[in-house]
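S.K.: what would the 3D arrangement of this be:
(chains A, B, C and D)
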There are 2 protein chains.
Amino acid sequence: MDVQRLLIFREIARARSIGGAARSLGWTQPAVSQHLRHLERQAGTPLVLRRPRGVQLTEAGQALLRHADAIAARVQAATEELEALVQLRAGTVRLAAFPSAGATVVPAAMSLLAGRHPHLDVRLREAEPPQALDLLAAGDVDVALTFAHAGETPAGTEEMVRVPIGQDPLRLVLPRSHPCAEPADVPLHLGELAQEKWAGGCERCTAHLRQACEAAGFAPDIRHGTDDYVLTQALIARGLAVGLLPQLALDAARDPGVAVRPAAGVRPRVLYLLHHREADQIPAVRGALGALTDIAARACRAEHAAPPG
Amino acid sequence: MDVQRLLIFREIARARSIGGAARSLGWTQPAVSQHLRHLERQAGTPLVLRRPRGVQLTEAGQALLRHADAIAARVQAATEELEALVQLRAGTVRLAAFPSAGATVVPAAMSLLAGRHPHLDVRLREAEPPQALDLLAAGDVDVALTFAHAGETPAGTEEMVRVPIGQDPLRLVLPRSHPCAEPADVPLHLGELAQEKWAGGCERCTAHLRQACEAAGFAPDIRHGTDDYVLTQALIARGLAVGLLPQLALDAARDPGVAVRPAAGVRPRVLYLLHHREADQIPAVRGALGALTDIAARACRAEHAAPPG
DNA sequence: CCATCCCATAAGTATGACTTGGCGGTCAGC
DNA sequence: GCTGACCGCCAAGTCATACTTATGGGATGG
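M.R.: Below is the predicted model:
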């Protein structure tokens, strides 16, 4: 059964005449007449009686009209629902972010997004980059915020789009009482901490630390390993270690007992947004990507503005 | 929104791939691909993500699928309902019949029809031919069983089809004790009852009676007028009048106190089925017409068989 | 690394959808 | 009783569009 014709039939029933329906539809009378004929042939029974002043529905026509009305209502509902999704008056976007971003950039972006589109349902899931990638591949999230240390080949299949949105410099974190704790603005070479005990971060961060130290000519004595940046700072504050932490982790939570200095010669890690190649055409995803890049750009400007200020 | 494409999209969702949907539909892959493209363009958002192993529905796609499922269900229901109407497993047919037929031919036809199509809803409304015509014109009944006396121009607009289905001879009805009551099989001339008091039937029947008597050379003394053939016979049985009644009225109810003789020179009235020109294409109507003509034919055969028997 | 399985694109064809033009029938009003 | 208005059907022509064929690119898996 041709559903399009059903809606034409509905117009015939409304106008109570074939010519009237044609006028409503902006067609000529024979066009509508032919549609009706096809419909009746398929139905196997007349749907209307042709009478001098127009048409009158038969029992079958009345039955069909009820269904046509229901179908038209559904089509209308579908149109409205899609419209809402396109205009971001509805919809969901699911984000995955690594912990330190989840505590800083992402909430800011979500807040911005909520202001722009109050009815958008934004959901955050914390995940380290490898797991975030899995979530993305499985379709469990729409956008993943990940990072890659300098020198690492950024993960992600060819299926995905990788959008760099900013850099996150790494800082050397020491106990306040440490001889190298000052001056805070002057970069410190890793090598000066060659004899210290170290605290590493997540697996990839620890690997990166090892690699950076190697480049500086020593093998670090890594005693602790945790991706909890609060715990890491607590260890450092008590003089149990030193560490190399990303600025974002320090922004998220700063232990008053630690001192921070730029790490000379250590290139910042790069933040990436990952999504399916076509996903940025989805309104909700596009909105989320926009908010995230806006927040990242804002942070970037602040960073650039900071040194002069 | 093109509804047909919605059902194609439904197939894509079911197959979880465009090519798979194409195979299900017996088409080539680009055909389905193009439909999806059009649908997405109209929707203003991607409905699926193209992934290496097939496609994955976006939020908008999932929403649309729900509506598409509902629409498909409605289409299915409509198809089934029409099918039932065509096969006479459902449906209604509304009849109008004049009283004496309503008590004889029509019940027989309805019984026959009920045997053939037990689920058909047949409704009878009693109406004299003029009113039956109005009902038919107003669309309140589908078939009208009417009659025309010989010489009358059968009523009905050009819009209608008139199907003669049989004749109903008129009989002279007398009190049993009347000198002319015998012999029952021999036709009696109206003129022999010129001096009697008469009982007329309905308006048109009374007019016909007057006309028939005029043709026989006298003006009848019509004392009573009722379309109730039971009442008329009661009057006659008590010797209060004589009458000219159609055979059908006598078949419907025969007062034991009356005698009946063929009326010489009075041509029978003709029974007609009336319906809209296209109405006989409607299965329920076609069924009813069939049953009515079958019964009429059967009655006709019985009549022809009677004289020899 | 090649074979396979997805899908997209481009161009060609053919079905069928809508228009034009013409006709018959019914009804209302002069 | 005839004429004009309305409503519908039919036939033929044109054009849109819905498919096909052919081709190519990206991802996956032996």
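S.K.: host element of residue A:292?
M.R.: Here residue A:292, judged by DSSP states H and E, is contained in helix A:283-305.
S.K.: buried residues in that helix, which are they?
M.R.: For helix A:283-305, a neighbour-count test (16 or more other Cβ atoms under 10 Å in any protein chain shown) marks A:283-289, A:291-296, A:299 as buried. Every C-beta, even on glycine, is put in place using the N, C-alpha and C of the backbone.
S.K.: which among those gets closest to residue B:192?
M.R.: The shortest approach to residue B:192 among those belongs to residue A:283, at 97.3 Å (Cβ to Cβ).
S.K.: quick one: the closest one and residue A:82 touch, right?
M.R.: No. Using Cβ atoms under 8 Å, residue A:283 is not in contact with residue A:82, being 10.0 Å away.
S.K.: ok, residue A:40 touching residue A:49?
M.R.: No. Using Cβ under 8 Å, residue A:40 makes no contact with residue A:49, being 11.3 Å away.
S.K.: residue A:17: what's it in contact with?
M.R.: A:53-55 (Cβ atoms under 8 Å, 6 or more residues apart in numbering or on different chains).
S.K.: now with 7 Å?
M.R.: A:54-55 (Cβ atoms under 7 Å, 6 or more residues apart in numbering or on different chains).
S.K.: how about residue A:294?
M.R.: residue A:112.
S.K.: would you check how far apart it and DNA strand D are?
M.R.: Distance check for residue A:294 against DNA strand D: by Cβ to the nearest atom of the strand, to the nearest Å, it reads 27 Å.
S.K.: could you say which helix or strand holds residue A:261?
M.R.: Residue A:261 belongs to strand A:258-264, assigned by DSSP H and E.
S.K.: can you spell out which helices and strands pack onto that strand?
M.R.: Judged by 3 or more Cβ pairs under 7 Å, 6 or more residues apart in numbering or on different chains; DSSP states H and E, strand A:258-264 is in contact with strand A:170-175, strand A:188-189, helix A:229-237.
S.K.: change it to 10 Å
M.R.: The contact analysis (3 or more Cβ pairs under 10 Å, 6 or more residues apart in numbering or on different chains; DSSP states H and E) places strand A:258-264 against strand A:170-175, strand A:188-189, helix A:229-237, strand A:242-246, helix A:247-252.
S.K.: can you report how many residues lie near the closest residue to DNA strand C within the stretch 51-200 of chain A?
M.R.: Residue nearest to DNA strand C within the stretch 51-200 of chain A (Cβ to the nearest atom of the strand): residue A:52, separated by 3.7 Å. Look at residue A:52: counted by other Cβ atoms under 10 Å in any protein chain shown, it has 7 neighbours.
S.K.: and chain A, which residues reach DNA strand C?
M.R.: Proximity of chain A to DNA strand C (Cβ under 7 Å from any atom of the strand) is limited to residues A:22, A:26-28, A:30-31, A:34-35, A:38, A:52-53.
S.K.: overlap in contacts, residue A:40 and residue A:49.
M.R.: Residues touching both residue A:40 and residue A:49 (Cβ atoms under 10 Å, 6 or more residues apart in numbering or on different chains) are A:58, A:61, B:278, B:281.
S.K.: restricted to helices, list the residues of chain A next to DNA strand C.
M.R.: Counting by DSSP state H, those place A:22, A:30-31, A:34-35, A:38 in helices.
S.K.: in ChimeraX, select just the buried ones from those.
M.R.: Command for ChimeraX that selects the buried part of those, burial taken from 16+ other Cβ under 10 Å:
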select /A:22,35
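S.K.: of all the ones in helices among the residues of chain A next to DNA strand C, which two lie farthest apart?
M.R.: When those are compared pair by pair using Cβ to Cβ, the maximum separation belongs to A:22 and A:38, at 15.1 Å.
S.K.: low-confidence stretches in chain A?
M.R.: Chain A contains residues with pLDDT under 70 at A:151-158, A:300-309.
S.K.: without its sequence neighbours, what residue ends up closest to residue A:56?
M.R.: Once flanking residues are discounted, residue A:56 sits nearest to residue A:49: 4.7 Å by Cβ to Cβ, 6 or more residues apart in numbering or on different chains.
S.K.: quick one: contacts for that neighbour?
M.R.: Residue A:49 neighbours (Cβ under 10 Å, 6+ apart): A:55-58, A:61, B:139, B:142, B:159, B:275-279, B:281-282.
S.K.: if you look at those residues, which of them are in helices?
M.R.: residue A:61.
S.K.: quick one: which of the contacts of residue A:49 is most hemmed in?
M.R.: Most surrounded of those: other Cβ under 10 Å gives residue A:58, at 28 neighbours.
S.K.: not counting sequence-adjacent ones, nearest residue to residue A:44?
M.R.: That would be residue B:86: by Cβ to Cβ, 6+ apart, it lies 4.4 Å from residue A:44.
S.K.: surely the one you found meets residue A:45?
M.R.: Yes. Applying Cβ atoms under 10 Å, one finds residue B:86 in contact with residue A:45, separated by 5.4 Å.
S.K.: report the contact partners of the residue nearest to residue A:281 when sequence neighbours are not counted.
M.R.: Nearest residue to residue A:281, sequence neighbours excluded (Cβ to Cβ, 6+ apart): residue B:46, at 4.9 Å. Residue B:46 sits next to A:276, A:278-283, A:285, B:36, B:40, B:55, B:57-61 when contact means Cβ under 10 Å, 6+ apart.
S.K.: can you do 8 Å?
M.R.: A:278-279, A:281-282, B:40, B:58, B:60-61.
S.K.: so what does the helix or strand encompassing residue A:42 touch, helix or strand wise?
M.R.: Using DSSP H and E, residue A:42 maps to helix A:29-43. Where contact means 3 or more Cβ pairs under 8 Å, 6 or more residues apart in numbering or on different chains; DSSP states H and E, helix A:29-43 is packed against helix A:3-15, helix A:18-25.
S.K.: mind putting those helices into a markdown table with distance to DNA strand D?
M.R.: Listed next are the helices and strands packed on helix A:29-43 as a markdown table, based on distance: least, Cβ to the nearest atom of the strand, whole Å:
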| stretch | distance to DNA strand D |
| --- | --- |
| helix A:3-15 | 8 |
| helix A:18-25 | 3 |
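S.K.: hey, which of the ones you listed is tucked in deepest?
M.R.: helix A:3-15 (a mean of 20; mean count of other Cβ atoms under 10 Å in any protein chain shown).
S.K.: can you name the residue of the stretch 151-300 of chain A nearest DNA strand C?
M.R.: Closest point on the stretch 151-300 of chain A to DNA strand C, by Cβ to the nearest atom of the strand, is residue A:278, at 8.5 Å.
S.K.: residue A:180 against residue A:192, yeah?
M.R.: Yes. Under the criterion of Cβ under 8 Å, residue A:180 makes contact with residue A:192 at 5.9 Å.
S.K.: residue A:178: neighbour count?
M.R.: 18.
S.K.: list the contacts for it?
M.R.: Contacts of residue A:178 (Cβ under 8 Å, 6+ apart): A:239, A:242, A:259.
S.K.: closest one of those to chain B?
M.R.: residue A:242 (45.0 Å; Cβ to the nearest Cβ).
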